[in-house]
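Peer 1: the sequence and its predicted three-dimensional model are supplied below.
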Amino acid sequence: MRRAIPILAALIVTACPAQTIQSVLNAASYGTAVAPYTWVAIFGTQLAPSALAATSVPFPISLNGVSVTFNGASAPLSYVSTGQINALVPVEAASLTGTQTATVPVIVKTSAGTSSAFSLKLQSSAPAIYTRDLSGSGVALAFDATFKPITTVTTAPLVLYATGLGQTTPPAGTLSLGASAEPLNRTVILPQVSIGGNPATVSYSGLAPGLHGIYQLNVLPNPKLGNQLQVSSGLFTAPTLTLPLPAGTNVANVTGTIDALYPLTTSTLGFSALAAIGTFTASFDILPNAAPFEVEATGPASTAIITINPSQGTWQATYTVPSTLSRNWDFAQSGFTVTDFVNGTPVPGNIIPLSRVDPAAAAALSTLPVPNNGAPSGPTGHGPLQAQSRQMGTSP
């Protein structure tokens, strides 16, 4: 008798990782500040079947079977891969001004499925300058007036490229390129640019003609101290970058240190009028035939400059110091309101009681030179410059 023997088959199912968004960052700075009409880098898993870059502009809203929406609005895509997507946040994602923010859902859809929504906070602008190595830090990507990369910052005009500079007039279309003829898409807010510690003149701020979602800044530098690049748009500031400088011919074997005197990691900050005090050291060899040069230390409220003249064997130091009133925690004439962090209210008369002053702050402040003239000279409450001139090799 023939008997049927049941055969049990085991079906093994391998679960494939779903599309997952892990972060959405500003594509120029790789920071979290993002605004409508900002290029972003979306990082995650299984975001695309394979890597593919768009080859023409305007960029498509579907690339290699991948699409992305911000608050339901389709985003242009310049690049997709399994782990990263470069997308332009649509103008339609949110309408924001000033300090307004909005949290919107970001969704990636592929032929294999749809990601869960990622919550992204948007602000009215999110300025960031593109860098030479595309790392988001270091040396800015900068060109001269003929669009050749600059090798050193001077007073000659230069061109910077940015993202996140906010609304334009005429308004920018998410799927359109920057206008190549008047009326150009100029930014509603003219950014402020500082190069080498000095304000630069911005002659144009708007969408780069013929490019998709990229802003262009034409600036006239007037560098005074160093090569630091700072850009702000309204209430928001881009990460600080640098511009290229030629190799120096005055010194060699340069080393230096910066040490904080106050605040320390153990300090408790009680007021909005804060003491920020530090020291710096610099060591170098002066080369033969060196021209006069400067050593600079700069901070948010003060600057120290040492001018060295090798041929004459002299140096001169100029630095800002707190006024007599502010050294005694009296900000009645400072022009700003001091807030008490304990209760969140203004300090009566803008004069901090000495009993509330952190002893560590008082000790650090006592190490600073006394001003030549104690009269305050502006909202920072700092007095006038103090200068000293000495022969090289002697103590100040």
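Peer 2: Okay, I see it. It should be emphasised that the depicted structure is a prediction, and the values quoted were computed from it without experimental measurement.
Peer 1: which stretches of the stretch 251-396 of the chain form strands?
Peer 2: Along the stretch 251-396 of the chain, counting by DSSP state E, counting those that start in this stretch, strands occupy 251-262, 277-286, 293-298, 303-309, 314-319, 339-340, 345-346, 386-391.
Peer 1: so which of the ones you listed is nearest Leu158?
Peer 2: Each of the strands of the stretch 251-396 of the chain has some distance to Leu158 by CB to CB; the shortest is strand 293-298, at 21.5 Å. Yep, even glycine has a C-beta here, placed from its N, CA and C like the rest.
Peer 1: coming back round to it: any chance of the strands of the stretch 251-396 of the chain in a markdown table, plus mean neighbour count?
Peer 2: Output for those, formatted as a markdown table (neighbours: other CB atoms under 10 Å):
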| stretch | mean neighbour count |
| --- | --- |
| strand 251-262 | 12 |
| strand 277-286 | 13 |
| strand 293-298 | 16 |
| strand 303-309 | 17 |
| strand 314-319 | 16 |
| strand 339-340 | 15 |
| strand 345-346 | 11 |
| strand 386-391 | 12 |
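Peer 1: columns distance to Gly164 and mean pLDDT on top of those, output as CSV?
Peer 2: Output for those, formatted as CSV (distance: least, CB to CB, whole Å; pLDDT from 0 to 100):
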stretch, distance to Gly164, mean pLDDT
strand 251-262, 30, 88
strand 277-286, 32, 88
strand 293-298, 26, 81
strand 303-309, 29, 85
strand 314-319, 36, 84
strand 339-340, 30, 90
strand 345-346, 34, 92
strand 386-391, 41, 40
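Peer 1: got those as TSV, with distance to Ser67 columns?
Peer 2: Shown next, in TSV, are the strands of the stretch 251-396 of the chain (distance: least, CB to CB, whole Å):
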stretch	distance to Ser67
strand 251-262	48
strand 277-286	51
strand 293-298	47
strand 303-309	51
strand 314-319	57
strand 339-340	48
strand 345-346	51
strand 386-391	62
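Peer 1: looking at these, which is closest to Thr154?
Peer 2: strand 293-298 (16.5 Å).
Peer 1: between that closest one and strand 314-319, how big is the angle?
Peer 2: With axes from the mean of the first three to the mean of the last three CA atoms, to 10 degrees as the basis, strand 293-298 and strand 314-319 are set at 20 degrees to each other.
Peer 1: what are the contacting residues of strand 293-298?
Peer 2: 197, 225-226, 248, 250-251, 258, 280, 282, 303-308 (CB atoms under 8 Å, 6 or more residues apart in numbering).
Peer 1: closest to Ser23 among those residues?
Peer 2: Closest approach to Ser23 among the contacts of strand 293-298 (CB to CB): Ile258, at 31.5 Å.
Peer 1: could you measure from the closest residue to the closest one other than its chain neighbours over to Leu261?
Peer 2: Leaving aside its sequence neighbours, Ile258 sits nearest to Phe280 (CB to CB, 6 or more residues apart in numbering; 5.0 Å). According to CB to CB, to the nearest Å, Phe280 and Leu261 sit 11 Å apart.
Peer 1: tell me the buried residues in stretch 113-126?
Peer 2: If you call a residue buried by 16 or more other CB atoms under 10 Å, then stretch 113-126 has these buried ones: 115, 118, 120, 122-126.
Peer 1: likewise stretch 329-342?
Peer 2: 329-331, 334, 338.
Peer 1: quick one: which of these is nearest Ala291?
Peer 2: Ser334 (39.9 Å).
Peer 1: got the domain ranges for the protein?
Peer 2: 20-123, 128-242, 251-391 (automatic domain parsing).
Peer 1: lowest mean pLDDT across these, which one is that?
Peer 2: For the domains of the chain, the weakest mean pLDDT is recorded on domain 251-391, namely a mean of 79.
Peer 1: sounds good, over and out.
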